[in-house]
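In: got a predicted model here, sequence first, then my questions.
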Amino acid sequence: MLDDYRNMLRDIIIDGLKEKGYSSFTPPQIEALKTGFLRGGSIVVCAPTASGKTLIGEIALAYAFLNGFKGIYTTPLKALAYEKYNEFSFWEKYGAKVAISMGDYEVTEEEVKRLGQYDIIVATYERLDSIMRRRPPWIKNVGVIVIDELHMLGDESRGHIVEMIATRAKILGIQVIGLSATIGNPEEIASWLNAKLVKSSWRPVKLYEVPTYRASDGSFVMFFPKELNGDGSPVMVDDVTRYWIERAVKEGFNVLEFKYSRKGVEELAEQYRDVVCSYLNDDDRKRLELLVQEMKTELPDFEYEKLEHLIRCGVSYHHAGLTPEARRVIERAFRDRIIKYLSATPTLAMGVNLPARVVIINSYYYSGGGREKISVLEYKQLAGRAGRPQYDPYGIVIVAKDIRSAREAEYYIKGIPEPITSTLLSESALRRHVLAVIASGEANTLNDIMVFFSNTFAAMKMGRDVLSKKISKILELLEELNMVRSRRIANTSLYEATKLGTATSMLYIDPLTAAIIVEGLRRAEKASELYYLSLIGMTPDFSDVNIGRGAKKAYYDLIESYAVSKQLPDEELEQMFADRKIDWVRGAIIGLILTDWVNEVPERRIIEKYGIEAGDLRVIKENGEWLTYSAAVIANTLNMQSHSKELFKLVERVEHGVKEDALELVKIRYVGRVRARVMINSGIRNIEDVISKEHLVVKLFGDGWGKKIVEEARKMRIRG
Ligand code: ADP
């Protein structure tokens with residue numbers, strides 16, 4: 001009972017939790033409370049998905065607030081940050097001010113100031129790292145930092161950011177609450193954070209992991225536990241997915257199938273569309289029709305066209321090629337069980353809370369021809385999606401449709417996630433963070449820099465001399481790139497960031513990105529938009545973006561045939577790839593894509609031309625905006641005024657995807673790149689025209705939209 005914890009927790013929290021509908025604590029929550037973490041000690045909570053870890057963090061935030069401290073909650077994704085922000089806003093009725101810090105990577109001085117007024121702050125990892133680099137004066141009032149999905153510490157591309165957040169918390173003496181479902185070496189991580197470990201295997205919904213083998217005739221054998229299948233004898237079916245879909249539609253639950261390729265999940269959705277369709281009843285069809293109508297108005301037409309015939313049948317796929325809008329609609333419909341079968345890439349398992357009674361793992365190999373098996377950690381993340389508390393009596397995981405033996409199945413079912421290792425010492429991570437620490441003034445002498453990094457997880461397993469060597473090498477690089485300057489003082493070296501270094505750190509870009517931009521701008525007095533956009537496209541901060549396999553492969557082949565014709569030895573070719581000498585390839589493609597985008601080429605055409613998808617274009621556009629802005633700021637910092645002027649203009653064009661003459665019109669709400677061009681073609685060129693030619697606007701866009709647009713234009717004129 002909650003009341004048993006009154007003396008430990010304060011009345012307000014107990015009352016608040018009751019009001020939220022909780023009547024008791026889950027076992028991991030009780031274990032956590034028993035550690036006495038509310039007195040300030042750090043904890044690492046390792047417990048299955050949906051076992052109530054968030055609430056442990058939430059209690060810590062509320063408790064800190066009641067004691068006059070701030071609390072921060074950090075998550076890997078914007079969508080998760082929104083979810084948590086909405087959840088924690090509950091405490092506003094008890095006087096806590098709750099904020100979410102969003103938007104671009106660069107955190108402005110005003111934003112830092114604004115956050116000073118809040119008690120509970122939710123932010124993504126990158127955003128929080130960026131905030132901490134500013135060393136806000138209010139950081140001394142922060143009582144606790146909750147790190148959601150702590151296993152991300154081991155993530156190849158983002159783990160180092162989590163590590164920096166936790167390291168700073170450690171140095172500043174801030175309590176850390178780390179939450180995760182899948183850590184193989186929690187003892188080690190807890191010991192690094194000087195934290196107590198809370199380990200629990202309690203689940204709100206029982207999870208059955210069902211080994212499923214493929215027989216020689218192509219049929220499947222499922223080995224159910226006795227609880228699910230009276231006599232425990234194996235169940236043979238022709239098609240596992242079909243079997244579960246049939247049961248799902250009849251019994252009213254839904255099925256999620258994971259596969260590691262976009263094309264693969266699209267094919268699955270097509271393959272099972274008719275099966276689901278044939279079982280739908282009238283009520284289902286009615287609800288699906290409404291969903292289809294909604295998608296028609298909310299999504300770009302070419303995306304709607306690809307999905308419509310699937311959605312109508314209660315089926316969809318889900319991957320990063322979809323726009324965020326499409327993903328959101330699909331997620332909601334799946335949660336509401338309007339969509340019965342969803343095939344998804346694992347991005348879904350990393351994201352928002354979206355459980356299903358049955359999770360099918362299509363293959364335990366990554367796709368792409370390779371024969372690399374998925375990790376246990378990865379498997380546990382996917383399996384964790386099975387079973388929805390309050391709705392499902394249990395969750396079922398089909399442990400890979402291509403498992404061949406009991407041993408292979410047990411490798412995953414009984415497996416312990418691989419130990420998490422640090423990613424901070426890669427050159428690309430270290431150069432960012434060493435610069436950040438110097439630019440922020442957190443450490444400026446060689447000795448202090450060493451002390452700072454000796455607090456990292458990476459340092460735990462590494463001799464001081466190895467660490468020292470790595471850091472010295474990075475410092476040399478940063479000097480070479482003109483990001484820092486050093487002076488000998490007494491018997492130590494003092495490091496200071498240059499103007500360029502400070503700007504680079506604040507912009508949250510890789511020092512190498514900044515250096516490439518500087519070099520590119522210096523070489524051209526005047527440049528075309530293609531030049532600017534290719535320049536940012538070849539920087540390492542654009543390297544994670546999907547630019548269409550077809551184009552990439554064509555360029556790679558070209559390079560290879562060049563190497564062959566020149567009879568370059570294999571090692572040299574490999575070196576070219578390893579040195580990323582071919583980043584210009586990516587730069588050229590991105591330059592072309594973004595140039596089309598700012599010249600109002602229709603989205604559909606861009607997507608077809610480059611073999612990318614709507615979701616990719618969105619990411620390219622957002623990344624492009626951030627890096628064009630960064631280039632503009634860098635140009636300004638280095639007094640390259642004409643570049644800076646051109647680049648600032650280009651930022652806005654990338655943001656809206658328009659030519660220069662449409663920039664005023666797209667600032668009006670409800671006016672995007674397409675409507676703006678329609679207006680310009682009819683002689684409406686600015687806000688004044690919209691107002692004075694109201695009848696024409698209404699004629700172009702109809703009574704509803706037309707009037708709305710004019711009204712918005714009027715509001716803008718009043719605001720000036
Ligand atoms: P986790 O973070 O461990 O994945 P969540 O915190 O999201 O799990 O909790 C899963 C669900 O359980 C949520 O809907 C949450 O509201 C609910 N929950 C959490 N704690 C309790 C509790 N003590 N009693 C009842 N429901 C709870």
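Out: Nice, I can see it.
In: buried residues of the helix ranked longest in the chain, list them for me.
Out: Assignment by DSSP state H gives helix 694-719 as the longest helix of the chain. Buried positions in helix 694-719, judged by neighbour count with 16 or more other C-beta atoms under 10 Å: 694, 696-698, 700-701, 706, 708-713, 716. (C-beta placed from N, C-alpha, C; glycine too.)
In: and for stretch 440-454?
Out: For stretch 440-454, burial by neighbour count (16+ other C-beta under 10 Å) applies to S440, E442, A443, N444, L446, D448, I449, M450, F452, F453, S454.
In: of these, which one scores lowest on pLDDT?
Out: Across the buried residues of stretch 440-454, the bottom pLDDT score, 92, is held by L446.
In: residue contacts, that one?
Out: Taking C-beta atoms under 8 Å, 6 or more residues apart in numbering, we find L446 in contact with S472, L475, T492, S493, Y495.
In: what's the answer for I30, then?
Out: For I30, no contacting residues are found, by C-beta under 8 Å, 6+ apart.
In: and the one 5 residues further on, by the same measure?
Out: Listed by C-beta under 8 Å, 6+ apart, the contact partners of T35 are G41, I43, K196, V198.
In: re the thing from before, for the longest helix of the chain, packing partners?
Out: Judged by 3 or more C-beta pairs under 8 Å, 6 or more residues apart in numbering; DSSP states H and E, helix 694-719 is in contact with helix 673-681, helix 687-692.
In: how far does it sit from its chain's centre?
Out: 37 Å (C-alpha atoms, centre = their mean, to the nearest Å).
In: returning to what we had before: which of the contacts of T35 sit farthest apart?
Out: With C-beta to C-beta as the measure, no two of the contacts of T35 lie farther apart than G41 and V198, at 11.3 Å.
In: and those two? Which one has more around it.
Out: More neighbours surround V198 than the other of G41 and V198, with 27 against 14 (other C-beta atoms under 10 Å).
In: so what strands line up beside the host helix or strand of the more buried one?
Out: Secondary-structure element containing V198, defined by DSSP states H and E: strand 196-199. Paired strands of strand 196-199, with direction, are strand 43-46 (parallel) (DSSP bridges).
In: do the strand it pairs with and the ligand meet?
Out: No: judged by C-beta under 6 Å from any ligand atom, strand 43-46 stays clear of the ligand, getting no closer than 8.2 Å.
In: list the buried residues of that strand.
Out: In strand 43-46, counting by 16+ other C-beta under 10 Å, buried: I43, V44, V45, C46.
In: which element follows it toward the C-terminus?
Out: Where DSSP H and E defines the elements, the next helix or strand beyond strand 43-46 is helix 53-66.
In: which neighbouring elements make contact with whatever helix or strand comes next after that next one?
Out: Per DSSP H and E, the first helix or strand lying C-terminal to helix 53-66 is strand 70-75. If contacts are counted by 3+ C-beta pairs under 8 Å, 6+ apart, strand 70-75 sits against helix 53-66, helix 78-88, strand 120-124, helix 125-133, strand 142-147.
In: re the thing from before, from the buried residues of helix 694-719, list the ones also adjacent to the ligand.
Out: Residues of the buried residues of helix 694-719 in contact with the ligand (C-beta under 6 Å from any ligand atom): none.
In: quick check, nearest of those to M152?
Out: Nearest to M152, judged by C-beta to C-beta, of those is E712 at 40.5 Å.
In: look up the closest residue to that closest one, ignoring the ones flanking it.
Out: Nearest residue to E712, sequence neighbours excluded (C-beta to C-beta, 6 or more residues apart in numbering): R669, at 4.4 Å.
In: give me the neighbour count for the one you found.
Out: As a burial measure, R669 scores 12 neighbours (other C-beta under 10 Å).
In: check R404 too.
Out: Using other C-beta under 10 Å, R404 has 11 neighbouring residues.
In: need the contact list for it.
Out: R404 makes contact with Y213, R214, according to C-beta under 8 Å, 6+ apart.
In: cool, I687 as well?
Out: If you count contacts by C-beta under 8 Å, 6+ apart, I687 has them with E664, L665, K667, I668, A713, M716, R717.
In: got the contact list for the second one?
Out: Right, L665. Applying C-beta under 8 Å, 6+ apart, the residues near L665 are V671, R675, A676, M679, I680, I684, R685, N686, I687, V690.
In: if you set the cut-off to 6 Å instead, what comes out?
Out: V671, A676, M679 (C-beta atoms under 6 Å, 6 or more residues apart in numbering).
In: would you format those as JSON lines with neighbour count included?
Out: Below are the contacts of L665 laid out as JSON lines (neighbours: other C-beta atoms under 10 Å):
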{"residue": "V671", "neighbour count": "24"}
{"residue": "A676", "neighbour count": "25"}
{"residue": "M679", "neighbour count": "24"}
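In: from these, which single one is nearest the ligand?
Out: V671 (39.3 Å; C-beta to the nearest ligand atom).
In: just give the nearest non-adjacent residue to L80, would you?
Out: Leaving aside its sequence neighbours, L80 sits nearest to V352 (C-beta to C-beta, 6+ apart; 6.4 Å).
In: closest one to the ligand among the helices and strands packed on strand 70-75?
Out: helix 53-66 (3.1 Å).
In: that closest one near the ligand anywhere?
Out: Yes: if you take C-beta under 6 Å from any ligand atom as the test, helix 53-66 does meet the ligand, through K53, T54, L55.
In: give the burial count for the second one, as a bare number.
Out: A total of 19 residues lie near T54 under the criterion other C-beta under 10 Å.
In: which residues touch it?
Out: Not one residue lies near T54 by C-beta under 6 Å, 6+ apart.
In: S157 belongs to a helix?
Out: No: S157 is assigned coil when assessed by DSSP: H, G, I helix; E, B strand; the rest coil, not a helix.
In: what pLDDT does it get?
Out: For S157, the predicted pLDDT is 90.
In: and the closest residue to it other than its chain neighbours, helix, strand or coil?
Out: Among residues not flanking S157 along the chain, D544 sits closest, at 6.2 Å (C-beta to C-beta, 6+ apart). Using three-state DSSP, the three-state assignment for D544 comes out as coil.
In: please report how far D544 lies from T421.
Out: Distance from D544 to T421, counting by C-beta to C-beta, to the nearest Å: 20 Å.
In: roughly how far apart are Y125 and K78?
Out: For Y125 relative to K78 (C-beta to C-beta), the value is 11 Å.
In: between those two, which one's more packed in?
Out: Legend: neighbour count by other C-beta under 10 Å for Y125 and K78, higher for Y125 (25 against 16).
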